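Colleague: Sequence first, predicted coordinates after that:
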Amino acid sequence: MADQASLGCLLNTRKNICVCSPARSSQRLVIFCKRMVLRIFAPPILLSPKTEYGFTFCLIMDTFNSATEWFLGHCADHRKLSHHTLKAYKHDLSHFRTFAPDLPDDIPISSIDRNLVQRWLASMNGAKPRTVRRRLATLKSMFSTLERCGNLKNNPLPGFRSEVKVGTILPRTVARGTVKLLLQSPRKEVLREPAKRNRSIRETALIEILFSTGMRVSEVVGTNIGDVDMERLVISVRGKGNRERQIPIVCDAFQEALSQHLTERRLKDTTSGDPLFVNRRGGRMSDQSVRGILRRHATRIGTRRITPHMLRHTVATLLLEDGVDLRHIQRLLGHSSITTTTIYVHVSERSQRKALAGRHPRNKMNV
């Protein structure tokens, strides 16, 4: 047993114990002591995080369901992954859990091996190659995380690879002329309908920020007023994996639209923590609202559907075609690896082929 000095030392170093009512403090101390005892004396088993009264204590787990719960909690609390990523992970792991009806309701961790995973992959005949690869990657990520955190002795999937081949899908872009019409659309709306001036100012700034910065739609709707520094002309963006980057404001038209929108927002007694873009009810604008605005303006200018990600792809492709270094484009888009950014090289090569085919002098010589 641990002596009182050891437990006292552990308690004194605990940061999360806060000053509160005596009854609540006593309750927290009891939970924390139980947690410390489990940590010190429990055998090396899988542990699942549970939170109560502001503390994390551990429960024994040795099944797939409890391992999944631990992994999703780890991804949310430590890796700070987005809600959409967590939802995709949960869906992929649920698919693995339900594919084999002959197994018990909760699969023991020890029963999962490569043969079982191979059978799971073979059962996905109708799924797209990318879906199969993603599901396998999620399962491998869970086991490797469990092993890395000391919660799993034998990882059944080290070096396991899928033979499913995924082709390269080039990003869809928007023509320069179409982008110009899209940027003009909300500005013309002010002239036609002065009563909708505030909406037009907001939508002008919204379309400008999507194209000028190449930000993801989730990053745009998550931006607050305080993230925009008009003195330094930068926007602080928190992207995937909770990574923060700063995007310079380098376009005069974008600067003017954003400044005008900020002026309108500050007339409503806003603070730095309030959202930059709001909906008609004054709440933070959603991803779907942004898509709806783009869809409405695309219809107005008579073009096909335009999405926020298509504008992101477009600005990256046009920058590369104009000779901007790939590293600068990587930093602008917030890619953790430059390999992701190289997809735009293929698009640029396609544009190069088209330009050469139409203008090469050899094609104009009838020999």
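Modeller: Nice, thanks for sending it over.

Colleague: Next, find the distance separating the residue positioned nearest the centre of the chain from residue 348.
Modeller: In the chain, the residue lying closest to the centroid (C-alpha atoms, centre = their mean) is residue 240, at 4.1 Å. Residue 240 sits 24 Å away from residue 348 when distances are taken as C-beta to C-beta, to the nearest Å. Bear in mind the C-beta positions are built from the backbone N, C-alpha and C, glycine included.

Colleague: and what of residue 275?
Modeller: Taking C-beta to C-beta, one finds residue 275 at 35 Å from residue 348.

Colleague: before we move on, what about residue 239?
Modeller: For residue 239, the distance to residue 348 equals 23 Å [C-beta to C-beta].

Colleague: same check, this time on residue 219
Modeller: Residue 219 is 24 Å from residue 348, by C-beta to C-beta.

Colleague: So for those two, which sits in the more crowded spot?
Modeller: residue 219 (23 against 16; other C-beta atoms under 10 Å).

Colleague: Surely the more buried one is in a strand?
Modeller: No. Read with DSSP: H, G, I helix; E, B strand; the rest coil, residue 219 is helix and lies in no strand.

Colleague: give the contact list for it.
Modeller: 237-239, 334 (C-beta atoms under 8 Å, 6 or more residues apart in numbering).

Colleague: one more time with 7 Å, if that's ok
Modeller: Residue 219 is in contact with 237, 239, counting by C-beta atoms under 7 Å, 6 or more residues apart in numbering.

Colleague: Next: residue 164.
Modeller: Contacts of residue 164 by C-beta under 7 Å, 6+ apart are 129, 132-133.

Colleague: can you confirm it is in a strand?
Modeller: No. The assignment for residue 164, made by three-state DSSP, is coil rather than a strand.

Colleague: ok, so what distance separates it from residue 355?
Modeller: 35 Å.

Colleague: And residue 120, by the same measure?
Modeller: Distance from residue 120 to residue 355, by C-beta to C-beta: 47 Å.

Colleague: between those two, which one's more packed in?
Modeller: residue 120 (19 against 11).

Colleague: who's in contact with residue 351?
Modeller: Counted by C-beta under 7 Å, 6+ apart, residue 351 has contacts residue 321.

Colleague: Could you report the pLDDT at it?
Modeller: pLDDT for residue 351: 70.

Colleague: ditto for the one 4 residues further on
Modeller: For residue 355, the pLDDT comes out at 71.

Colleague: What helix or strand is it located in?
Modeller: helix 343-359 (DSSP states H and E).

Colleague: For that helix, list the C-alpha coordinates in PDB.
Modeller: What follows is helix 343-359, C-alpha atoms only, in PDB (Å, rounded to 0.1, in the frame of the first residue of the first chain):
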ATOM      1  CA  ILE A 343      -2.400  17.700 -55.900                       C
ATOM      2  CA  TYR A 344      -2.600  21.200 -57.400                       C
ATOM      3  CA  VAL A 345       0.500  20.500 -59.500                       C
ATOM      4  CA  HIS A 346      -1.500  17.900 -61.500                       C
ATOM      5  CA  VAL A 347      -4.200  20.500 -62.100                       C
ATOM      6  CA  SER A 348      -1.600  23.000 -63.200                       C
ATOM      7  CA  GLU A 349      -0.100  20.400 -65.600                       C
ATOM      8  CA  ARG A 350      -3.500  19.900 -67.100                       C
ATOM      9  CA  SER A 351      -3.900  23.600 -67.700                       C
ATOM     10  CA  GLN A 352      -0.400  23.700 -69.100                       C
ATOM     11  CA  ARG A 353      -1.200  21.000 -71.600                       C
ATOM     12  CA  LYS A 354      -4.300  22.800 -72.700                       C
ATOM     13  CA  ALA A 355      -2.400  26.100 -73.100                       C
ATOM     14  CA  LEU A 356       0.400  24.500 -75.100                       C
ATOM     15  CA  ALA A 357      -2.000  22.600 -77.400                       C
ATOM     16  CA  GLY A 358      -3.800  25.800 -78.300                       C
ATOM     17  CA  ARG A 359      -0.800  28.100 -78.700                       C
END
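
Colleague: Domain-wise, how is the chain divided?
Modeller: 14-61, 82-163, 176-308 (automatic domain parsing).

Colleague: Kindly present those domains as JSON lines, with separate columns for mean pLDDT and distance to residue 323.
Modeller: Output for the domains of the chain, formatted as JSON lines (pLDDT from 0 to 100; distance: least, C-beta to C-beta, whole Å):
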{"stretch": "domain 14-61", "mean pLDDT": "46", "distance to residue 323": "50"}
{"stretch": "domain 82-163", "mean pLDDT": "86", "distance to residue 323": "32"}
{"stretch": "domain 176-308", "mean pLDDT": "92", "distance to residue 323": "16"}
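
Colleague: from the ones you listed, which stretch is densest packed?
Modeller: Ranked by mean neighbour count, those are led by domain 176-308 with a mean of 16 (mean count of other C-beta atoms under 10 Å).

Colleague: Regarding that one, how distant is the last residue from the first?
Modeller: Its start and end residues considered, domain 176-308 measures 15 Å (C-alpha to C-alpha, to the nearest Å).

Colleague: need the strands for this protein, in chain order.
Modeller: 46-52, 55-61, 228-229, 234-238, 244-248 (DSSP state E).
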